[in-house]
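Enquirer: coords please:
(one chain, ligands or ions: 1)
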Amino acid sequence: MFNLRGVLWLGLYLLFILAPLFALMLGAMPPARGFWTEFAVALGYSGLAMMGLQFGLTARFRYVTAPWGEDVIYHFHRQVSLVAVGLVFAHPLIIFAAQPELLARPESGEIPIGAVAALLSLAALGALVVAALWRVKLKLSYELWHRTHIAIIGGIVHMVGWSFYLQDPAKRALWIALVAFWVVLLVYVRLVKPLFLLRRPYRVAAVQAQRGDATTLVMEPVGHAGFTFTPGQFGWLTVWGGAFNVTAHPFSFSSSAEAPGGRVEMTIRKLGDFTSTIASVKVGQRVYLDGPYGAFTIGQPADIHVLIAGGIGITPMMSMLLTLADRGDRRPVVLFYGSADPDSTIFQTELAALLPRLDLTIVPVLSKPPQGWAGETGHITAELLSRHLPPAYEQHEYFICGPNPMMDAVETALDRLGVPMSKYHSERYSFA
Ligand SMILES: Cc1cc2nc3c(=O)[nH]c(=O)nc-3n(C[C@H](O)[C@H](O)[C@H](O)COP(=O)(O)OP(=O)(O)OC[C@H]3O[C@@H](n4cnc5c(N)ncnc54)[C@H](O)[C@@H]3O)c2cc1C
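Expert: Coordinates of the predicted model:
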């Protein structure tokens, strides 16, 4: 399906990356320094422009993320960052290969500030990439890794400190404007948005233990009406350290979009540093919620809605089912729910309670079934789906959420059943 808004945003993105580079070639030019040096400089500028714009990608602007979905944007952010870092590293390597004499210490003995900044930013960027790729193995917290993003400031100091191309006042003005734009984005994300959240706090109204190492936080707005969301969407939650905490965590809403008083619930499974603290949250605690986000929402016309969840991927499905029930919607829904065993199957009781209120079929699929289990076992495959769904498969609307390997397998299975990509929607919980 042609996505005009997506194409426009992509065009704008390319414009922001390439225009500053081409602008350097306008007007008065400094003396040429040979092809490879100039080429390397162009790579450096492009890499820096790409990095600066990353703030825009991850600043949670709904209009930017909506055409693709947040997970795709973060995936793009990750891949583009690697390309940008590659360009930035290629920049000095090519320069020194073309002009090895530059490696010699200057006669004055003083190393220029631009060179010091370059060295520091390269070292910090190297650390950022290593941490991004092997964060879990290195046992670094997500929060610490988040803070290493400051590396980009070194690149800007290097560019301004060297200023070979920025002698021309017009070019200097353009790059200053660009850097100012990045700073504005940063101020918006780190100051304006938190200030907004500070004025719209939430209070934890209940903390409910769930099966499968999960906990539901029930939150209600304090002194404001909250926000409305579409079932399937998610919000960024900050529990500790106040609204200005650098790292918020994304969680799907697991409650009905029709809940009164702006009340929202998130059901969180223990996984790492942050999620392991959720069970210790106290009733009455102040938390901050930024939302709603995401394009993983029910609402498209379909004969049957097919929800395919694995583990904690049940949370957006729960919100969809509760909302459909509250709205008295009796369209058929089939839920395929993969989990290890009954003990780790979250929302068992809540799902059973929904059966009389919906035209709902639940197909539990257990990978470690207990003795005597008569239901489906193993993984969700094309054969398993076709055992429970009537043809024509391409007319149903599919929603998939779960661990990445499960989602890949289900997407392949749907492809085998002849379901076009436009008929299924995926929400990936791991941005990796
Ligand atoms: C759109 C979306 C909806 C989600 N909904 C739910 C849900 O309903 N219930 C649930 O239990 N989990 C959900 N998650 C996953 C949840 O956000 C992570 O499990 C949680 O942030 C892990 O944090 P941690 O510090 O405990 O674990 P860590 O071990 O630090 O992180 C584990 C992985 O989670 C991701 N992650 C960690 N921190 C962040 C962050 N601040 N921002 C983005 N990604 C991060 C990284 O990929 C990381 O590798 C959702 C994720 C996304 C993207």
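Enquirer: report the secondary structure state of the residue of the stretch 201-350 of the chain found nearest the ligand.
Expert: Nearest residue of the stretch 201-350 of the chain to the ligand: G272, at 2.1 Å (C-beta to the nearest ligand atom). Every C-beta, even on glycine, is put in place using the N, C-alpha and C of the backbone. For G272, the assignment made with DSSP: H, G, I helix; E, B strand; the rest coil gives coil.
Enquirer: confidence score at the closest residue to it other than its chain neighbours?
Expert: In space, and not counting its chain neighbours, G272 is closest to Y142: 7.2 Å by C-beta to C-beta, 6 or more residues apart in numbering. Model confidence at Y142, given as pLDDT, is 74.
Enquirer: let me see the contact set for Y142.
Expert: Applying C-beta atoms under 8 Å, 6 or more residues apart in numbering to Y142 gives the contacts 135, 247, 272-274.
Enquirer: where does confidence bottom out across those?
Expert: R135 (78).
Enquirer: neighbours of that one, how many?
Expert: Look at R135: counted by other C-beta atoms under 10 Å, it has 15 neighbours.
Enquirer: any idea how far it lies from G311?
Expert: 22 Å (C-beta to C-beta, to the nearest Å).
Enquirer: and the contacts of stretch 51-59?
Expert: Against stretch 51-59 from outside (C-beta under 8 Å, 6+ apart): 13, 16-17, 64, 73-74, 76-77, 80-81, 84-85, 88, 152, 155-156, 178-179, 181-182, 185-186, 188-189.
Enquirer: same check on stretch 196-209?
Expert: Looking at what lies outside stretch 196-209 - C-beta under 8 Å, 6+ apart - the contacts are 215-224, 226, 238, 242-244, 263-264, 278-279, 281-290.
Enquirer: PyMOL command for the buried members of the residues you listed?
Expert: Selection of buried members from the contacts of stretch 196-209 for PyMOL, criterion 16 or more other C-beta atoms under 10 Å:
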select buried, resi 215+216+217+218+219+220+221+226+238+243+263+264+278+281+287+288+289+290
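Enquirer: what are the phi and psi angles of the residue of the stretch 51-200 of the chain at minimum distance from the ligand?
Expert: In the stretch 51-200 of the chain, the residue that lies nearest the ligand is Y142 (3.9 Å; C-beta to the nearest ligand atom). Backbone geometry at Y142, expressed as degrees, to the nearest 10, gives phi -60, psi -40.
Enquirer: what about the closest residue in space to L174 that isn't next to it in sequence, neighbour count?
Expert: Counting by C-beta to C-beta, 6+ apart, L174 lies nearest to A23, which is 5.2 Å off, once chain neighbours are set aside. The tally of other residues near A23 (other C-beta under 10 Å) stands at 17.
Enquirer: kindly report the same for A325.
Expert: Count around A325 with other C-beta under 10 Å applied: 20.
Enquirer: off-centre distance for stretch 268-286?
Expert: 20 Å (C-alpha atoms, centre = their mean, to the nearest Å).
Enquirer: contacts for that stretch, please.
Expert: Outside stretch 268-286, the residues touching it (C-beta under 8 Å, 6+ apart) are 141-143, 201-207, 209, 212-217, 222, 239-240, 247, 249, 251, 287, 311-312, 346.
Enquirer: next step: the residues you listed restricted to helices.
Expert: Within those, residues falling in helices by DSSP state H are 142-143.
Enquirer: thank you kindly, that will do.
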